[in-house]
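Q: here is my input, please return the structure:
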Amino acid sequence: MQQTRTITDKILLVLKGLAMGAANKVPGVSGGVVAFVAGFYEEFIYSLQKVNLKALKLLLAGRFRSLYQYLNGKFLGLLILGMLISYFSVSKLLDYLIVHYELYVWSSFFGMIIGSIYYISKDFGEWDRNSAIFALLGIIGGMAISFLEPARENDNLWFVFICGMISVSGMTLPGLSGSFILILLGNYVLLLVDSVNALYDTIAEIILWDFSFTRDAERLRMLKVLIVFAAGSLAGLVSLSHLLGYVLKRYKKHTFAMIIGFITGSLGVVWPWKEKIFKTNEEGEILIDREGNKIIDNYDRYLPEFGISETWLAIFFILIGIFIVLGLAWYENKNQRK
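A: Residues are numbered from 1 along each chain as shown. The predicted structure is shown next:
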């Protein structure tokens, strides 16, 4: 998978990582879809597969250059750099847009997923009975996940580690949203809002040479939660990539069929027309997170009213989302042909 990359290729790879990071932040959207449509999904999986015993031996032997080459380090490094930038920039912008323009944000992502389904399906090849069965299983799985009832928040570190292993599936399994999985597990706010904000505030204070956070028990707890979550995510990413690498080598067509099904089934999660259902306590009071925001429990979906301009503007954003994905896919194919 090693290849020579130009400056433009490197910038594009960082931007793809940025897009993956942003997609992973939004419940219902999968970073794996970005990798799939952008044409680097298999390289991503096979590169992660190289995190194995041989890589550990190279590390312990101090052969860092060999380790870098073996891991396809330039590819993974640039991609991860883009994801890290995303978590402190684009994801913050998305938080703002979802609060103030929620319908249009969901409409754009709904369109992007429709565009992804079309793009992946058109090059699938001839469908047979087994492929159709795997696609149907993927659709059923995606739809079933979208209608599960969320659990309550749980900051037990073992559970947080498991959340990390499960949630990272959104990066490796197109159509399976890691953020939405965290909502179902009850820990979305804890792991992707509170702990990330705690890290952001801590970095800002360290830059100002302010170490007062070391006496803040709540801040230290959030940082500990984030470290355990990151460790679980890394463990899940490596283990799942090995499984997917094995499956892709032996059952590639069936795997792609199930991925198409999963993405199709996930459309229910990002359906634009929905109302929030907030978490409540035993007294029926709406629960508030540490930032003062109401905690979302689930969504009540409904059909749009076509007599209002807001609906047509949302449909326009769906079309924009479709064209964004197809335009990026066209650009990527054009570069590959050069």
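Q: residue 276 belongs to a helix, doesn't it?
A: No - assigned with DSSP: H, G, I helix; E, B strand; the rest coil, residue 276 falls outside any helix and is strand.
Q: ok, it to residue 300 distance?
A: 8 Å (CB to CB, to the nearest Å). (C-beta placed from N, C-alpha, C; glycine too.)
Q: look at the two and report which has more neighbours.
A: A count of neighbours by other CB atoms under 10 Å puts residue 276 above the other of residue 276 and residue 300, at 12 against 9.
Q: where along the stretch 201-338 of the chain do the strands fall?
A: 274-278, 296-301 (DSSP state E, counting those that start in this stretch).
Q: rank these by mean pLDDT and give me the bottom one.
A: Sorting the strands of the stretch 201-338 of the chain by mean pLDDT places strand 296-301 lowest, at a mean of 69.
Q: what about the helices in the stretch 1-150 of the chain?
A: Secondary structure of the stretch 1-150 of the chain (DSSP state H, counting those that start in this stretch): helices at 7-25, 31-37, 41-49, 53-60, 64-70, 73-87, 90-100, 102-122, 129-146.
Q: now find how far off-centre the fourth one is within its chain.
A: It stands for helix 53-60. Centre-to-centre, helix 53-60 and its host chain are 29 Å apart (CA atoms, centre = their mean, to the nearest Å).
Q: likewise for the fifth one?
A: For helix 64-70, the separation from the chain centroid amounts to 28 Å (computed by CA atoms, centre = their mean).
Q: in this structure residue 15 contacts residue 82, no?
A: Yes - the pair residue 15 and residue 82 passes the contact test of CB atoms under 8 Å, sitting 6.2 Å apart.
Q: tell me where the stretch 201-338 of the chain has helices.
A: Using DSSP H, counting those that start in this stretch, helices in the stretch 201-338 of the chain cover 217-250, 252-265, 309-337.
Q: may I see the buried residues of the first one?
A: If I follow you right, that is helix 217-250. In terms of neighbour count (16 or more other CB atoms under 10 Å), helix 217-250 has its buried residues at 219, 222-223, 225-226, 228-230, 232-233, 236-238, 240-242, 244-245, 248.
Q: and the shortest one, by the same measure?
A: Of all the residues in helix 252-265, those buried under the rule 16+ other CB under 10 Å are 253-265.
Q: which of those residues lies closest to residue 53?
A: Checking the buried residues of helix 252-265 against residue 53 by CB to CB gives residue 255 as the nearest, at 24.9 Å.
Q: contact partners for the closest one?
A: 134, 244, 247, 248 (CB atoms under 8 Å, 6 or more residues apart in numbering).
Q: okay if I get those as CSV plus pLDDT and distance to residue 207?
A: Shown next, in CSV, are the contacts of residue 255 (pLDDT from 0 to 100; distance: CB to CB, whole Å):
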residue, pLDDT, distance to residue 207
134, 88, 50
244, 77, 38
247, 80, 44
248, 73, 42
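Q: which members of those residues are the farthest-apart pair?
A: Longest span within the contacts of residue 255, CB to CB: 134 and 244, 14.5 Å.
Q: still on that earlier bit, for residue 181, find the nearest of the helices of the stretch 201-338 of the chain.
A: Comparing these by CB to CB, helix 217-250 comes nearest, at 10.9 Å.
Q: how far away is residue 31 from residue 154?
A: 24 Å.
Q: so for those two, which sits in the more crowded spot?
A: residue 31 (30 against 14).
Q: hang on, the more buried one packs against residue 16?
A: No - here residue 31 lies out of contact with residue 16, judged by CB under 8 Å, at a distance of 9.8 Å.
Q: can you pull the contacts of residue 211?
A: Here residue 211 is in contact with residue 205 (CB under 8 Å, 6+ apart).
Q: quick one on the thing from earlier: any idea which of the helices of the stretch 1-150 of the chain gets closest to residue 197?
A: helix 90-100 (9.7 Å).
Q: for that closest one, name the packing helices and strands.
A: Where contact means 3 or more CB pairs under 8 Å, 6 or more residues apart in numbering; DSSP states H and E, helix 90-100 is packed against helix 7-25, helix 102-122.
Q: which neighbouring elements make contact with the shortest one?
A: This means helix 7-25. Against helix 7-25 (3+ CB pairs under 8 Å, 6+ apart) you get helix 31-37, helix 73-87, helix 90-100, helix 169-172, helix 178-184.
Q: deepest-packed of those helices, please.
A: Mean neighbour count (mean count of other CB atoms under 10 Å) peaks for helix 31-37 among those, with a mean of 27.
Q: which residues does that one contact?
A: 16, 19-21, 23-24, 41, 44, 112-113, 115-116, 119-120, 170-176, 178, 259, 263, 325, 328-329, 332.
Q: tell me the most buried of the helices of the stretch 1-150 of the chain?
A: Highest mean neighbour count among those (mean count of other CB under 10 Å): helix 31-37, a mean of 27.
Q: may I have it as CSV, with CA atoms only?
A: Output of helix 31-37 as CSV, limited to C-alpha atoms (Å, rounded to 0.1, in the frame of the first residue of the first chain):
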residue,chain,number,x,y,z
GLY,A,31,-16.5,8.1,9.2
GLY,A,32,-16.1,4.8,7.4
VAL,A,33,-18.4,6.0,4.6
VAL,A,34,-15.9,8.9,4.0
ALA,A,35,-13.1,6.4,3.6
PHE,A,36,-15.2,4.2,1.3
VAL,A,37,-16.4,7.0,-1.0
